[in-house]
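# The sequence and its predicted three-dimensional model are supplied below.
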Amino acid sequence: MTDIRLVGRSSDGDHLEFTDNDGNTFSVRINDALKAAVNERRLAAVVEEAPSFSIKEVQARLRAGESFAEVARISGLSLEKVERYASPILQERNWIIELAEKSSPKGTSLPLRDLVIQRLAPRGVNLNQISWNTWRLDDGTWHLVLMYPSSDGERQATWSFDSNKRTLQSRDDGARWINGEEIAKEKPRDRMADHGVLFPAEGEPTAPPRLVAVRTDPMSREEETVTKEIPADAKKDGVTKRISIPSWDDIMFGRSKKKNEESEDEN
């Protein structure tokens, strides 16, 4: 075994750096497991200072996913003391993550760990930069979250995990993509609804076609016959130009202008 000594934190603050007698350097990521290991022996030495929350209450909140800072603020305890209480909870959560990674999501045959590698590694994702988190829900299942870097920032995928049955159920498109499930595409009806335009969905009955009269060339020919003559009675009432326009019956049934004029003469 090689003896190494602590140099300090890395420049990004996320790792501890070590070196050995030969000048080789090593780094360890600062994660929940490391914090739990450091604080485990100190937990028994914590002196109670009449806390407003019991250790059990603090641990229940941490198990449910609340952060150290949130629990410290609500309970009135120091952040250091909350971290000490968290040791067994962090160990439990790490165990749940390991158990979930070995389990196969619903509808798949590979364990979750292999699916993650199969999806992310070919796309150039550094597997050392992915992280997991989990917390227990009220129904006893665990909310499992995978976070990984991408070109447009950090992405995540979430599952629900039943540790007793060892079943994983995807909860978002990120998890469905990891599992290789088909992601449902949004229908045009759904996309256009926000804009006030609706299209019938596939298989939805539509209204029967409606017959509508369409004006064609005869209309144009009838318009050419409009008279521009000024009748005598029009001069009397001050109208300088009166245009006779064919009625819709003329257009639809083909009555001639001559027939109309004969009718006017009879009147």
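Noted; the coordinates are in hand. Keep in mind that what you see is a predicted model, and the values were worked out from it rather than measured. Numbering: from 1, shown residues only.

# So what pairs up with R155 in the strands?
Y148 (DSSP bridges).

# That one: neighbouring residues, count only.
Burial of R155 is recorded as 15 neighbouring residues (other Cβ atoms under 10 Å). To be clear about C-beta, it is placed using only N, CA and C from the backbone, and glycine gets the same treatment.

# OK, contacts around it?
R155 makes contacts with M147, Y148, P149, G174, as judged by Cβ atoms under 8 Å, 6 or more residues apart in numbering.

# V125 versus the third one, what's the distance?
Noted for P149: a distance of 6 Å to V125, by Cβ to Cβ, to the nearest Å.

# and what of E181?
19 Å.

# go on, S54?
When distance is defined by Cβ to Cβ, S54 is 42 Å away from V125.

# neighbour-wise, which of the two wins?
The neighbour comparison of S54 against V125 (other Cβ under 10 Å) goes to V125, with 17 against 12.

# and the nearest residue to the more buried one once chain neighbours are set aside, what pLDDT?
Closest residue in space to V125, ignoring its immediate chain neighbours: Y148 at 5.6 Å, by Cβ to Cβ, 6 or more residues apart in numbering. The confidence metric pLDDT takes the value 94 at Y148.

# How many neighbouring residues does Y148 have?
Around Y148 there are 21 other residues, counting by other Cβ under 10 Å.

# what domains does the record give for this protein?
Per automatic domain parsing, the domain ranges recorded for the chain read 1-30, 32-102, 110-179.

# how about the nearest residue to K106 once chain neighbours are set aside, what does it touch?
Ranked by Cβ to Cβ, 6+ apart and with sequence neighbours excluded, the top spatial neighbour of K106 is Q169, at 5.6 Å. Neighbouring residues of Q169 by Cβ under 8 Å, 6+ apart: P105, K106, W159, S160, F161.

# what secondary structure does Q169 sit in?
Classification of Q169 by DSSP: H, G, I helix; E, B strand; the rest coil places it in strand.

# quick one: low-confidence parts of the stretch 1-150 of the chain?
Residues of the stretch 1-150 of the chain meeting the criterion pLDDT under 70: 1, 39-52.

# Which members of the contacts of R155 are the farthest-apart pair?
Spanning the widest gap among those are P149 and G174, at 13.3 Å by Cβ to Cβ.

# Give me the more crowded residue out of the two.
Legend: neighbour count by other Cβ under 10 Å for P149 and G174, higher for G174 (19 against 15).

# Run through the residues that contact the more buried one.
Shown in contact with G174 (Cβ under 8 Å, 6+ apart): L146, R155, Q156, A157, T158.

# likewise D162?
Here D162 is in contact with G140, T141, W142 (Cβ under 8 Å, 6+ apart).

# out of these, who's nearest D22?
Closest to D22, out of all of the contacts of D162 and judged by Cβ to Cβ, is W142, at 43.3 Å.

# Specify the beta-bridge partners of the closest residue to that closest one other than its chain neighbours.
Spatial nearest neighbour of W142, chain neighbours left out: F161 (4.4 Å); criterion: Cβ to Cβ, 6+ apart. F161 has the following beta-bridge partners by DSSP bridges: W142, L168.

# How many neighbouring residues does F161 have?
Neighbour count for F161, taken as other Cβ under 10 Å: 23.

# Would you agree it is in contact with E98?
No - using Cβ atoms under 8 Å, F161 is not in contact with E98; the gap is 11.4 Å.

# where are the low-confidence patches of the stretch 151-267 of the chain?
Residues of the stretch 151-267 of the chain meeting the criterion pLDDT under 70: 183-267.

# list the contacts for P122?
Here P122 is in contact with no residues (criterion: Cβ under 8 Å, 6+ apart).

# picking up where we left off before, of the contacts of Q169, keep whichever come out buried.
When the contacts of Q169 are checked for burial by 16 or more other Cβ atoms under 10 Å, the buried set is P105, W159, S160, F161.
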